[in-house]
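Student: Predicted model, plus sequence, below.
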Amino acid sequence: MTRPIPAAPSPLVKRVAAHIRQRFAAESTGHDWHHIRRVWQLSRQIAAAEGADVETAELAALVHDIADWKFHGGDESIGPREAEKLLGEEGANPETIRQVVDIVRTISYKGAGVATPMQTLAGQCVQDADRLDAIGAIGIARCFAYGGHAGRPIYDPEEAPVMHATAEAYKSAKGHSLNHFHEKLLLLKDRMNTRTGRNLAEERHRYLEEFVERFLAEWHFGELVGEETK
């Protein structure tokens, strides 16, 4: 089936994109301009396919990581504030700003046992796009990039995954990077909001499963070889 082609970005979207590109050009934790650009482009495609407001989805995608709580001492209010400030400065209308700020406030994953329902279809499209960039090959790379930044080990076979029941427990978690696959990444396929998002998630999810299986096989092979050479 041919996907609808979204209209060219508006002048407002282009101005916001230029600002975000400059602001995140040197970021190195996997939350860089390239991540934001991929989420932006995925949001455009999903919104067009689902009949959502494309400009609202684009703007929300561009500012969704403008001030992530992970890099601001756990402060979940700074992202919405920074998004509102930028959009106001660039001349967005109040209703668009309200919708985008709500998306930024709601978009983040907050734990296996925590629901994060979006109020608008545009928000659902952006949330799906952000989650798609957290799975598949690029999602794997981003997981380990952030894990290194946060000082997390790659893997510790003695530390089991934790299915966090609250946002506070998830935010305070310090587990190794491979646990993040079980605690978040492998759960995202079933948390997609839209049909388009679910379809796109299938192959990326399978790649995650294959990676974890291969990772553990190689890890345990190394342990067996080590036992034989003692």
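Tutor: The structure has been received and is ready for your questions. What you see is a predicted model; the values in this text were computed from it and never measured.
Student: Now stretch 103-110 - C-alpha only, CSV.
Tutor: In CSV, the C-alpha atoms belonging to stretch 103-110 read as follows (Å, rounded to 0.1, in the frame of the first residue of the first chain):
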residue,chain,number,x,y,z
ILE,A,103,3.1,15.7,24.1
VAL,A,104,6.6,16.5,25.4
ARG,A,105,5.2,16.1,29.0
THR,A,106,3.8,12.6,28.2
ILE,A,107,6.1,11.1,25.6
SER,A,108,8.7,9.4,27.8
TYR,A,109,8.6,5.8,28.8
LYS,A,110,8.3,5.6,32.6
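Student: secondary structure element for the residue nearest the centre of the chain?
Tutor: For the chain, Asp130 is the residue whose C-alpha lies nearest the centre (C-alpha atoms, centre = their mean; 3.8 Å). Here Asp130 is covered by helix 121-132, with elements defined by DSSP states H and E.
Student: so what secondary structure elements neighbour that helix?
Tutor: helix 33-50, helix 54-63, helix 94-106, helix 195-228 (3 or more C-beta pairs under 8 Å, 6 or more residues apart in numbering; DSSP states H and E). C-beta here means a position set from N, CA and C on the backbone, and glycine is covered the same way.
Student: quick one: which of these is nearest Ser172?
Tutor: Evaluated with C-beta to C-beta, the helices and strands packed on helix 121-132 place helix 94-106 nearest to Ser172, the distance being 20.1 Å.
Student: For that closest one, buried residues please.
Tutor: By neighbour count with 16 or more other C-beta atoms under 10 Å, helix 94-106 contains the buried residues 96-97, 99-106.
Student: Other residues contacting that helix?
Tutor: Contacting residues not belonging to helix 94-106 are listed as 55-56, 59-60, 63-64, 66, 76, 79-80, 83-84, 87-88, 92, 116-120, 122-123, 126-127 [C-beta atoms under 8 Å, 6 or more residues apart in numbering].
Student: Using CSV, write out every CA atom in stretch 5-23.
Tutor: What follows is the C-alpha trace of stretch 5-23 in CSV, where atoms were taken according to Å, rounded to 0.1, in the frame of the first residue of the first chain:
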residue,chain,number,x,y,z
ILE,A,5,3.3,11.8,1.2
PRO,A,6,3.2,14.6,3.8
ALA,A,7,3.4,18.2,2.7
ALA,A,8,6.7,20.0,2.9
PRO,A,9,7.5,21.3,6.3
SER,A,10,6.1,24.8,7.2
PRO,A,11,8.4,27.8,7.8
LEU,A,12,7.8,27.4,11.5
VAL,A,13,8.9,23.8,11.5
LYS,A,14,12.0,24.7,9.5
ARG,A,15,12.9,27.4,12.0
VAL,A,16,12.5,25.1,14.9
ALA,A,17,14.5,22.3,13.2
ALA,A,18,17.4,24.7,12.5
HIS,A,19,17.5,25.7,16.2
ILE,A,20,17.4,22.1,17.4
ARG,A,21,20.0,21.0,14.9
GLN,A,22,22.4,23.6,16.1
ARG,A,23,21.6,22.9,19.8
